[in-house]
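> Below: sequence and its predicted model.
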Amino acid sequence: MTKVAFVGFGEVNTPAEIILKKCADAEASLKKEGLDLISVYPVTDDYEEKDIKKAIAALEGKSFDVLVCCIAGWIPTHAVVKVTEHFRDKPMVLWGLCGWVEGDRLVTTADQAGTTAIRKTFFDLGYDFTYIYDIIGLPSKTKQVKEYAVAAAAAAKLRHARAGMAGYRDMNLYGTQFDGGSLKRVVGPEIETFEMLEIQQRYEKLADADIQAVIDSAMSKWSFVKPANPESMKKAAGYYLAIKSLCDERGYDAISLKDVDGMKKLLGFPPAPIFMLLADEAGLCTIPENDSLGCITQLMVKYLTGQCAFYLEFYEFFTDRVLAGVPDYVPAEVVDGKVTVMPAAFGELSEGILNVSRVKPGKLTMCRLTYADGEYYMHMVTGEGITPRKWEEAGWTQPAPQLPGLEILLDDVESFAQNVMCQHYIISYGDNTALIENLCDQLGIHVIR
């Protein structure tokens, strides 16, 4: 749960009961949004600064993701700054409440006199903050406060996140590489690489009973179009256990594997069912082909939305939509109906267990983090995902499987195409652009819409 320090301010000469009620109502609205609050109010500009000292004492040593400065009326700037300076390393929300109407007249406590006096000061002091103000007669901007707070919590989590990657630069692709120093400095996560030999060594030490337990408890949930080779089932379960043990030891929240030139070529096993188990049973973000920044985009979206943040890649562009699918797997969370699999082979590659599930339709957000000329950019767009027409990728053994995918209706396909950053984009359901924009703003990432 996102943790928020909530400090309500009001001038010492304003009737205390008014400031108290306004702050209490604002506090209740944030709690209703699911935020975990540490609250201090009212904080005034009393001459002895008792309220200021009370607020500092209440927050010092506490763990929280964002500081919400709730301005319930006019307040001299110094009273706010004497509190905020103790927590200047935290992202902040400068939130101005508003007046109300009584009969035929408007009543105000000069909330925006307070915020307009403070906003430039916060800017001059170099605070990482957003400015939000309520308007009489309109709903409170509580949701905007929440979105910024959730983004702040995600940014804090990213700072210490770790992703694991077996190998590097599958198929010698350019767009899946990353710059470790700038990624750590700007976004926060660490991508640690390890060798496929380590997976194989762990796999060889597994007990048959442990492998069978995964087959019985997890893979038995899948609906098989036709039976899979028992050896394929064993490999999927075993490699899953080997990779999971490594992820558990090193604290990885996300994983990518060298796919075409690694698992398929060297170990003779397409990793689709391994990714399914890692996503569904271990709760990890998963993406194939050493897609470094795709992996980091997944972490960003998962921390913001709580969703699995799955990937799709593009197959065709149309005038009003794109066809996006995957040649391997999708997490169970996004499956419409039962998780459905079948044994299949593509070209000269070994036969594996392919996911052929239907993907849930609905409003969605597509996004992708990228790096260019020393700067990070986030390209994102919203669309409507619909069940695709019958389609196949040439090269699969016939009858060719219907791959998981969506036709995604976009307002402007041409604009999207001219800004597209990679074949892989990360998908989440709903319009999550405000959350992503808030996170990018806090991290210094440029947004492309």
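Thanks, I have the structure now.
> what about the lengthiest helix in the chain, distance to the chain center?
Ranked by number of residues, the top helix in the chain under DSSP state H is helix 230-250. Relative to its chain's centre, helix 230-250 lies at 26 Å (Cα atoms, centre = their mean, to the nearest Å).
> Next SSE downstream of it?
Moving toward the C-terminus from helix 230-250, the first helix or strand encountered (DSSP states H and E) is strand 254-257.
> what's whatever helix or strand comes next after that following strand packed up against?
Using DSSP H and E, the helix or strand that follows strand 254-257 in sequence is helix 265-266. Identification of packing neighbours for helix 265-266 by 3 or more Cβ pairs under 8 Å, 6 or more residues apart in numbering; DSSP states H and E yields no helix or strand. C-beta: built from backbone N, CA, C; applies to glycine.
> what sits up against helix 265-266?
M196 (Cβ atoms under 8 Å, 6 or more residues apart in numbering).
> got any ranges where the stretch 201-350 of the chain has weak pLDDT?
346-350 (pLDDT under 70).
> any idea how far T176 is from the residue nearest the centre of the chain?
Nearest to the mean C-alpha position of the chain, counting by Cα atoms, centre = their mean, stands V301 at 1.6 Å. Distance of V301 to T176, computed by Cβ to Cβ, to the nearest Å: 18 Å.
> Likewise for D170?
As judged by Cβ to Cβ, D170 and T176 stand 7 Å apart.
> Can you check which residues contact both of the two?
What both D170 and T176 touch, as defined by Cβ under 8 Å, 6+ apart, is the set E289, N290.
> hang on, the earlier thing: and the residue nearest to the centre of the chain, what helix or strand is that in?
helix 292-305.
> got the CA positions of that helix in CSV?
Listed in CSV are the C-alpha atoms of helix 292-305, where the atom choice follows Å, rounded to 0.1, in the frame of the first residue of the first chain:
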residue,chain,number,x,y,z
SER,A,292,16.3,-5.1,-21.4
LEU,A,293,14.2,-2.0,-21.5
GLY,A,294,11.0,-4.0,-22.2
CYS,A,295,11.8,-5.7,-18.9
ILE,A,296,12.2,-2.4,-17.1
THR,A,297,9.0,-1.0,-18.7
GLN,A,298,7.2,-4.1,-17.2
LEU,A,299,8.5,-3.3,-13.8
MET,A,300,7.4,0.3,-14.1
VAL,A,301,3.9,-0.6,-15.2
LYS,A,302,3.5,-3.4,-12.6
TYR,A,303,4.6,-1.2,-9.7
LEU,A,304,2.1,1.5,-10.9
THR,A,305,-0.9,-0.7,-11.7
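> Give the next helix or strand downstream of that helix.
Next helix or strand after helix 292-305 toward the C-terminus (DSSP H and E): strand 310-317.
> buried stuff in that next one?
Residues of strand 310-317 classed as buried: F310, Y311, L312, E313, F314, Y315 (neighbour count, 16 or more other Cβ atoms under 10 Å).
> one step back: contact partners for the residue nearest to the centre of the chain?
V301 makes contact with Q307, A309, T365, C367, I426, S428, N432, I436, according to Cβ under 8 Å, 6+ apart.
> Return the distance of it relative to R250.
Applying Cβ to Cβ to V301 and R250 gives a distance of 22 Å.
> got it, and G96?
In terms of Cβ to Cβ, G96 sits 45 Å off from R250.
> Then G164?
G164 sits at a distance of 6 Å from R250 (criterion: Cβ to Cβ).
> Please identify which of these two sits among more neighbours.
More crowded of G164 and R250, by other Cβ atoms under 10 Å: G164, with 23 against 12.
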